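> the sequence and its predicted three-dimensional model are supplied below.
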Amino acid sequence: MQVQRTRERITVEIPIVITTVLDSLEGMIVDLSEGGAQVIGCSLPAKTQCQVDLDGHIVFGIVRWSEEDRMGIRFPYDLTDGPLLEKLDKTRAARRAPMAACQPAYSRPSPTPYAPLMQGGFGRRIR
């Protein structure tokens, strides 16, 4: 069964500490959005309330699903600030940046993305 998601999930590698009333576990966020995260390297039972700690900044969460070495955590409040959101935004920006870098350095700026292909020649418009 495919779950329809409203937020884009981004692949990341962020080491964190998960804290509950009884435990403190180290893990790694490998999948992050404003509404939740997938953590590998540790697991807690479903419906467990926990805190995700990144460099002293806490985000509250609830374990939605759990397997032997991974779990999905839903944030009851969307990320609106803090280091987790900063890392998410940086990763998103880095994924989009290479597209702009694909244009050759020697070509002149153009209002259309097809300009490098249209640099003159038989049957082509010369600008």
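Thanks, I have it.
> which parts of this structure are helices?
Listed in chain order, the helices found in the chain under DSSP state H are 83-100.
> from the rest of the structure, what touches the helix or strand bottoming out on mean pLDDT in it?
Using mean pLDDT, DSSP states H and E, helix 83-100 stands out as the lowest-scoring helix or strand of the chain, at a mean of 84. Residues from elsewhere that reach helix 83-100 (C-beta atoms under 8 Å, 6 or more residues apart in numbering): 8, 10-12, 14, 29, 32-34, 37, 52, 54-55, 57, 59, 79. Where C-beta positions appear, they are placed from N, C-alpha and C, glycine not excepted.
> max pairwise distance over those: which two?
By the measure C-beta to C-beta, Glu8 and Asp55 form the most distant pair in those, at 24.0 Å.
> where does this structure dip in pLDDT?
1-5, 98-127 (pLDDT under 70).
> and the residue most central in space within it, what are its bridge partners?
When the chain is reduced to its mean C-alpha position, the nearest residue by C-alpha atoms, centre = their mean turns out to be Ile10, at 2.6 Å. Note on Ile10: beta-bridge partners by DSSP bridges are Leu32.
> look up how far Phe75 lies from it.
Computed as C-beta to C-beta, to the nearest Å, the Ile10 to Phe75 distance reads 14 Å.
> likewise for Lys87?
In this structure, Lys87 and Phe75 are separated by 14 Å, where distance is defined by C-beta to C-beta.
> try Leu84
9 Å.
> what's the answer for Cys50, then?
11 Å.
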